[in-house]
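**Student:** Model the structure of this input:
(4 chains)
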2 protein chains.
Amino acid sequence: MKKKGTPPTVSEVARAANVGTTTVSRVINGGERVSPKTLAHVQRVIDAMGYRPNQAARVLKGHRTKTIGLVIPSIADPFFSSCAEAAQAVAQANDSLLIVTASHNDPHSELENLNILISHRVDGLIVAPANSQSEGLRELLKSLSLPVIAVDRPVADALVPSVVSDNFKGARFGTQHLIEHGYKRIVCLTGESTLFTIHERMRGYRAAMESAGRAATLNTSVKDYRSAEYAIQSMLSGPNPPDALFTLKNSTTIYAFEVLQKLNVSIPKTIALLGFDDFELASTVRPSISVIQQPVEEIGRVAAELLFEQLLGIRSVTTQSKVKRARLVTLETRLIQRNSCGCSPSN
Amino acid sequence: MKKKGTPPTVSEVARAANVGTTTVSRVINGGERVSPKTLAHVQRVIDAMGYRPNQAARVLKGHRTKTIGLVIPSIADPFFSSCAEAAQAVAQANDSLLIVTASHNDPHSELENLNILISHRVDGLIVAPANSQSEGLRELLKSLSLPVIAVDRPVADALVPSVVSDNFKGARFGTQHLIEHGYKRIVCLTGESTLFTIHERMRGYRAAMESAGRAATLNTSVKDYRSAEYAIQSMLSGPNPPDALFTLKNSTTIYAFEVLQKLNVSIPKTIALLGFDDFELASTVRPSISVIQQPVEEIGRVAAELLFEQLLGIRSVTTQSKVKRARLVTLETRLIQRNSCGCSPSN
DNA sequence: AGCTGATTGGAAATCGTTTACTTGGTTTTG
DNA sequence: CAAAACCAAGTAAACGATTTCCAATCAGCT
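**Tutor:** The predicted structure follows:
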């Protein structure tokens, strides 16, 4: 075990072992075409010197960097960190590393991050685009020669394959579920948002209401506790108050829940609550909150798998068409029935 | 904007711009010693060709990889993902990328991850050691020539600088707080754990109880809802039931909360609850749960800052001694008073 | 013994960038 | 007016691993 200083190189190892660099290289890469005893000897020297091949040199010779990039709005966000965890696992299974950067939903920062990652010669990229329409992003993607997968939000025109959960169907199903359980006045709440996901969910809500012959009521002004309080209070004191709330994102769900608790409105007796997207403690609060759950880790996993599939099979035309076929992977959501919408399971 | 194919190189750019490679290189790196008009011209060509320098080649010439590695138990864990987010931000500010890997608290996997990162020639490492004592880790660290910072859990003998929150003081303070507010029988609950953090917290609880002349009661068997139910129920039906619970980790806090709710035990009237470590919805449940909060992002931030400090200032002896002085950075926790332990703030 | 053929090991080119050293041309100055 | 100083820009040699080709060795044959 060597102490400090500059890391040893192949030739140093070769000299120490009294062999050529070729032999050392072969030992490193599986030991083909090397006699068992030299192999053992060289391996011993390698271990003794604490030698580790320099990836940069390897990459320079035209090899993979064994590195993929992930650009997400925030690392701390539970949704994206679960995604990242799953993607990292797949990367590891494919002998690769995952580099994570946060765009904070800023298209400019996103572009910068992507450029840096490309400069580092990552083998592929997974991106949750800050903005599906962003011209900068689209231009970059067009000029790119490496595989890219979008997650959570597709890029306009399916420029790259995307993996998303079925926000539309999920929201429609959730709304239908409320309708079927007899709720008469179902109001949809969310923070004002231009995000693709929220947009799809609103569409799903509207579709379900429409096909049931109901009037859709959407309130997109719930940004914080205050606005939630205002919105809910005025609805309750107004004419024709809602008997069910469908909240389209976690923060909105939480605000609504808090407000209802504070106002001593009984859930689900007076008002039912159904949230889109699950969060750790939706099951812990009393009453526990029913939600439409997204297959979070699956999104990250499938995206990474798709990426490596593309990475490993660039040769065959068959693969290309296969990839072309799957420009948009839509993963199913499911309803987690808890106690907040009058459709209690066992407990 | 070039279409696809292999990425352009310096010499290609040089040829296209009718200059030497040196000039191109100079333009890339700030444009010193290049006339304004050639600079502009070369820059134009670079943009036109979509040229991006190959980091691998740059690294090979002995430069930083502008890359740091982070090895944590889990990426999806809120604590560590916040850490990661903060570390990434610092990395970005230092023009570097963050590579994240998950060890799942397995020392073997941890070692493997570290080796891979080292092979990729990361400039430095941040690790949350799976096991402070691990011989493999200690040996690796000793043989290493790059800066490493430990987070959350120090490495034995302060082999590398560590950034941790003050688990001992936090737990002692929390316990003292409960004592001061008149709770007579304060029981400490946690999952059985050999983790450094939990150990420190137990030590803190014991210290506080001891110096108050109380008998410490620790139950380390709360691993899931079932075991929590059993533990709490038997304590409640036994002689001398507790009037306060101090839970040492989030999962334990949640289980205890759920069980108390289920048993219709009033919080904090019958039993008070204080948790160690904060989580998003501790403030949302009713009653909201008071906790000892760790400076989560600060840990990640300080660790990364320390790393870059070491990375940038290897020259001066002053800096070395400064680093030596700060082998263990202990960050203060604070008590977040909510409604679960009889010491309610305003609401 | 000498030849064949398989097997193992080595020398050298290569990847794309940086950088020490030159070159040629201009400007300043004694 | 010549010499010194200066500046932009180019040439070529690294960096460390892979890889192609070639050389050497040795066993097994005839």
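**Student:** Do you have the helices of chain A handy? List them.
**Tutor:** A:10-17, A:21-28, A:36-49, A:55-60, A:78-93, A:107-119, A:135-142, A:167-180, A:196-211, A:225-237, A:250-262, A:296-312, A:317-325 (DSSP state H).
**Student:** could you redo these as CSV and give each row mean pLDDT and distance to DNA strand C?
**Tutor:** Yep, even glycine has a C-beta here, placed from its N, CA and C like the rest. Formatted as CSV, these follow (pLDDT from 0 to 100; distance: least, CB to the nearest atom of the strand, whole Å):
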stretch, mean pLDDT, distance to DNA strand C
helix A:10-17, 92, 7
helix A:21-28, 92, 4
helix A:36-49, 91, 4
helix A:55-60, 94, 4
helix A:78-93, 97, 24
helix A:107-119, 95, 9
helix A:135-142, 93, 18
helix A:167-180, 98, 41
helix A:196-211, 97, 35
helix A:225-237, 95, 50
helix A:250-262, 91, 43
helix A:296-312, 96, 19
helix A:317-325, 48, 24
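**Student:** Looking at these, which is nearest to B:Thr197?
**Tutor:** helix A:78-93 (20.0 Å; CB to CB).
**Student:** Going by neighbour count, list what's buried in that closest one.
**Tutor:** Buried residues in helix A:78-93, counting neighbours by 16 or more other CB atoms under 10 Å in any protein chain shown, are found at A:78-92.
**Student:** residues from the stretch 51-200 of chain A in reach of DNA strand D?
**Tutor:** Residues of the stretch 51-200 of chain A lying near DNA strand D by CB under 7 Å from any atom of the strand: A:51, A:53-54, A:57-58, A:60-61, A:63.
**Student:** Give me the buried entries from the residues you listed.
**Tutor:** Judged by 16+ other CB under 10 Å, buried ones among these: A:51, A:53-54, A:57-58, A:60.
**Student:** tell me the domain boundaries of chain A?
**Tutor:** A:10-53, A:67-160+A:297-331, A:167-294 (automatic domain parsing).
**Student:** Can you lay out the ones you listed as TSV showing distance to chain B?
**Tutor:** As requested, the domains of chain A are exported to TSV (distance: least, CB to the nearest CB, whole Å):
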stretch	distance to chain B
domain A:10-53	5
domain A:67-160+A:297-331	4
domain A:167-294	4
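**Student:** and of these, who's closest to B:Ser132?
**Tutor:** Comparing the domains of chain A by CB to CB, domain A:10-53 comes nearest, at 22.6 Å.
**Student:** contacts for stretch A:172-184?
**Tutor:** A:186, A:188, A:204-205, A:207-209, A:212, A:214, A:243-244, A:246, A:272, A:274, A:276, A:292, A:333, A:335, A:341-343 (CB atoms under 8 Å, 6 or more residues apart in numbering or on different chains).
**Student:** Buried ones in it, by neighbour count?
**Tutor:** A:172-179, A:183.
**Student:** For it, C-alpha coordinates in PDB please.
**Tutor:** What follows is stretch A:172-184 as a C-alpha-only set of coordinates in PDB (Å, rounded to 0.1, in the frame of the first residue of the first chain):
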ATOM      1  CA  ARG A 172     -59.500  11.600 -14.600                       C
ATOM      2  CA  PHE A 173     -59.700   8.400 -12.700                       C
ATOM      3  CA  GLY A 174     -59.400  10.200  -9.400                       C
ATOM      4  CA  THR A 175     -62.200  12.600 -10.300                       C
ATOM      5  CA  GLN A 176     -64.400   9.700 -11.600                       C
ATOM      6  CA  HIS A 177     -63.800   7.900  -8.300                       C
ATOM      7  CA  LEU A 178     -65.100  10.900  -6.400                       C
ATOM      8  CA  ILE A 179     -68.100  11.200  -8.700                       C
ATOM      9  CA  GLU A 180     -68.900   7.500  -8.300                       C
ATOM     10  CA  HIS A 181     -68.800   7.800  -4.600                       C
ATOM     11  CA  GLY A 182     -71.500  10.400  -4.700                       C
ATOM     12  CA  TYR A 183     -69.700  13.600  -4.300                       C
ATOM     13  CA  LYS A 184     -71.700  16.300  -5.900                       C
END
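**Student:** next one: it to chain centre, how far?
**Tutor:** 28 Å (CA atoms, centre = their mean, to the nearest Å).
**Student:** Equivalent analysis for stretch A:65-81, please.
**Tutor:** On CA atoms, centre = their mean, the centre of stretch A:65-81 falls 7 Å from that of its chain.
**Student:** how far does it stretch from start to finish?
**Tutor:** By CA to CA, to the nearest Å, the extent of stretch A:65-81 from end to end equals 23 Å.
**Student:** Then stretch A:182-199?
**Tutor:** End to end - CA to CA - stretch A:182-199 spans 26 Å.
**Student:** so A:Pro268 touches A:Asn339, yeah?
**Tutor:** Yes - here A:Pro268 lies in contact with A:Asn339, judged by CB atoms under 8 Å, at a distance of 7.1 Å.
**Student:** Those two: which is more packed in?
**Tutor:** Between A:Pro268 and A:Asn339, counting by other CB atoms under 10 Å in any protein chain shown, A:Pro268 is the more crowded of the two (25 against 20).
**Student:** Report the contact partners of that one.
**Tutor:** A:244, A:287, A:339-342.
**Student:** Contact partners for the residue nearest to it when sequence neighbours are not counted?
**Tutor:** In this structure, A:Pro268 finds its nearest non-sequential neighbour in A:Gly342, 4.4 Å apart by CB to CB, 6 or more residues apart in numbering or on different chains. Contacts of A:Gly342 were listed using CB under 8 Å, 6+ apart, and they are A:181-183, A:268-269, A:272.
**Student:** 10 Å - rerun?
**Tutor:** Counting by CB atoms under 10 Å, 6 or more residues apart in numbering or on different chains, A:Gly342 touches A:178, A:181-183, A:243-244, A:267-269, A:271-274, A:290.
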